Each structure stands twice: as structure tokens, then as C-alpha cells.
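Asker: Sequence first, then the predicted structure:
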Amino acid sequence: MCFAWKLAASVRGFNVEERQIPVECDITGICEEAPRDQQDAVNQIIQDFQASVQSLDIEGWQIPVECDITGICEEAPRDQQDVVNKIIQDLLKNNTTLQSDELVPNNSPRLNPVEDNIELCVSREKFQVLVRSSDIKGESGRFRRQEDSLDIPDECKEIGICEQAPKDQEDAVNKIIEDLLSKNQHFTSDVLPPTASRRKGADEDNMELCDSTVRLHAPQMVRDNNDNWHRVLNTNQNPVQKFRVEICSKSDESCSGIMTLQSGYSSRCVQKYVMREMETVNDKNEVVKASLPLPSCCSCVARVM
């Protein structure tokens, strides 16, 4: 229903300004009734959307075993391609943008473990595409400052993100956020998975080799690969962009003592990062999309002594 409403709001002739809103609705900002002249248009959009969704025979999909294990798949039944392509094209016509994460650059010594590290588990980094609507069209350019010109706490400098920012932009950033929220702007907001997940094989007997903290983080400052700090579109009053992060409790220290390695090797906990797209504010108070590194996991690696 929310998706259909967003599409309806973009239809020409959907004149919100001329609506007559009841007083009780105007007070709360929500209403279960709407002008009748829009009912047919809205119903048609809902029916079209429901028809598109119903045409996706999810129950009949044959999911490869390797996809069933991870819960994501880069392939889908070919009989659904035309329907999905049509939905995507309709979204793009309504100025819907596609969010795409980036891999951390290989030439970033702060964000990548040194070559001497040996991964204890084999893994692959992959991209996952998310769809969201956005009407932000800021000019290129970023708000950048070196650490020595900012009052950045030491704990923030260590991991490269901070939930506090210099006060000089607080009012301006709050105003930008409130203006965007009034336009129904959607911001990225991650959700932490349930504590227990059978599909992921969670087991209470498992023990982490590195202590870490997993939580939702609403960063106000993020440092890029060149050690410049960016002002993220978040404030204490309006933490609208929230990201799932995992931060090592003691990065660069030895892994749990329960693990033993063969002679000549030592272990240590390493903070790893992933590039995430977020809305930032440059020095002209313009909103700019930027891909910035966020701590994604705490990994135990081996190293030749």
C-alpha cells in the first residue's frame, strides 16, 4: 500500500494542494478519508501494482541450493524477467534511483588488512542492489575537513565514524532534513536481524574469536579513504540515516585464547569495512550522495610471525 501511494503521488493531476482536509486530519497529519475525485486513479494504481505482484509466482520458483543457504540469489526464473523489467522501468520513470554499494578500494591501507594477514575463512565480497526513491539532486562536491581542523574524539578517529559533529552546521543540517522529510524523502535505515536465525545456522554453543559490538549507527561524520571527514545528513534531533555496523572491541589485538595456531603464526582481530552510499552535506550546504566506508565486521586473521 505504501508503494502504491508513492506511485500515486507522482501521477500528474494528483493535486494535493487543492484537497479539502478535515480539521481532525490536519491536526494529526494522517487521514483515513480522501477526496473522492482521486479514488478511481488511486484504485487503478493499486490494482496495477497488485496484479504485477500476483504475477510473480514465488511459490513455484526453483531456488538453487547455494542460494537457499545464503538467502540471496543473482539468478531468477526466466519467466519472471519481463514482469520484473516492467516494474523496474515504471519505477525509473517515476525518478526512482538505484542504490549501489561499492567495494573498499584495495589501495587503502587503513581499510584493508596488510598482505601478511591470512584469512581463516574463505569468503567473497558481493554487491547487493537496493531500490529506493529519491528526489535529491545535489551538485558534485563534498564537505571535507582534515582531522586537525575538527574536534573529533579519539574513539571516532580510531574507527572513522562519529555520532557527533561540529555544532556550526547543526541548524543548517536540521533544516535540510526537515525540508526533505516534508517532501516524503526516504532515507536508508537498516534493520538488525533477529538474535536467533535457524537459516543462518546460529547456535548458542558458537563462540566468537573476536569481541565486537553490532548495532545501528547514525553517523554524523565519516572519514573517507583519503582521511577527509564528511558531514553526513544526520543530527541528534533527526537521526534519519541508520546503518548496521560491527565494531571490534579491541582491534589489532590477539584473537581468543581458545584458538591455537601452528608454530610460526599469530592471530589478531582486524576491523573490516564496506562502502555504503549515504546523503552528505558539502560546505555549501548542498546535499550530495557519497560512498563512504563503514565498519562491517570484526575478523580473526592469522599472520606470519
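Answerer: Sure thing, it's come through.

Asker: Only C-alpha atoms, please: export the helix or strand containing Met278 in PDB.
Answerer: Here Met278, judged by DSSP states H and E, is contained in strand 265-281. The C-alpha trace of strand 265-281 is given here as PDB (Å, rounded to 0.1, in the frame of the first residue of the first chain):
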ATOM      1  CA  TYR A 265      51.800 -17.900  13.200                       C
ATOM      2  CA  SER A 266      50.000 -15.500  15.400                       C
ATOM      3  CA  SER A 267      46.400 -14.300  15.400                       C
ATOM      4  CA  ARG A 268      44.800 -10.900  15.600                       C
ATOM      5  CA  CYS A 269      41.400  -9.200  15.300                       C
ATOM      6  CA  VAL A 270      41.000  -6.900  12.300                       C
ATOM      7  CA  GLN A 271      38.400  -4.300  11.700                       C
ATOM      8  CA  LYS A 272      36.900  -4.600   8.200                       C
ATOM      9  CA  TYR A 273      34.800  -2.100   6.200                       C
ATOM     10  CA  VAL A 274      32.200  -1.900   3.500                       C
ATOM     11  CA  MET A 275      31.400   1.100   1.300                       C
ATOM     12  CA  ARG A 276      27.900   2.400   1.800                       C
ATOM     13  CA  GLU A 277      26.000   5.100  -0.100                       C
ATOM     14  CA  MET A 278      24.600   7.900   2.100                       C
ATOM     15  CA  GLU A 279      23.500  11.500   1.900                       C
ATOM     16  CA  THR A 280      26.100  14.100   2.900                       C
ATOM     17  CA  VAL A 281      26.300  17.900   3.100                       C
END
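
Asker: quick one: contacts for the closest residue to Gln164 other than its chain neighbours?
Answerer: Excluding the flanking residues, the one nearest Gln164 by Cβ to Cβ, 6 or more residues apart in numbering is Gln220, at 6.1 Å. (Each C-beta comes from the backbone N, C-alpha and C, glycine too.) By Cβ atoms under 8 Å, 6 or more residues apart in numbering, Gln220 lies in contact with 162-165, 231-232, 234-235.

Asker: ok, so of those residues, who is nearest Leu294?
Answerer: Val232 (10.3 Å; Cβ to Cβ).

Asker: Angles on the backbone of that closest one, please.
Answerer: Here is the backbone geometry of Val232 (degrees, to the nearest 10): phi -90, psi 150.

Asker: Adjust the sequence numbering to begin at 9 for everything that follows.
Answerer: In the new count, where the first residue is 9, that last one comes out as Val240.

Asker: so what's it up against?
Answerer: 173, 227-230, 249, 286-289, 300.

Asker: Surely Ile160 forms part of a strand?
Answerer: No: remark: Ile160 does not belong to a strand; assigned using DSSP: H, G, I helix; E, B strand; the rest coil, it is coil.

Asker: How many residues are close by the nearest residue to it once chain neighbours are set aside?
Answerer: Sequence neighbours aside, Cys170 is the residue nearest to Ile160 in space, at 6.1 Å (criterion: Cβ to Cβ, 6+ apart). Neighbours of Cys170 under the rule other Cβ atoms under 10 Å: 20.

Asker: Any idea what Cys170 is bridged to?
Answerer: Counting by DSSP bridges, Cys170 is bridged to Met229.

Asker: Could you do Val222 as well?
Answerer: Glu254.

Asker: In contact with it: list those residues for me.
Answerer: 200, 252-254.

Asker: Now do the residue nearest to Gln172, the pLDDT please.
Answerer: Listed pLDDT for Gln228 reads 96.

Asker: quick check, nearest of the contacts of Gln228 to Asp260?
Answerer: Cys170 (19.8 Å).

Asker: didn't that closest one look like it was pressed against Met229?
Answerer: Yes: if you go by Cβ atoms under 8 Å, Cys170 and Met229 touch, sitting 4.2 Å apart.

Asker: Which element is encountered next along the chain beyond the worst-scoring helix or strand of the chain on mean pLDDT?
Answerer: Lowest mean confidence among the helices and strands of the chain (mean pLDDT, DSSP states H and E): strand 137-141, at a mean of 34. Sequence-wise, the next helix or strand downstream of strand 137-141 (DSSP H and E) is helix 162-167.

Asker: measure Cys277 to Asn233 for me?
Answerer: Computed as Cβ to Cβ, to the nearest Å, the Cys277 to Asn233 distance reads 22 Å.

Asker: Just the mean pLDDT for whichever strand or helix holds Gln47, thanks.
Answerer: Using DSSP H and E, Gln47 maps to helix 47-62. Mean pLDDT, helix 47-62: 76.

Asker: so what does it touch, helix or strand wise?
Answerer: helix 10-17, helix 89-101 (3 or more Cβ pairs under 8 Å, 6 or more residues apart in numbering; DSSP states H and E).
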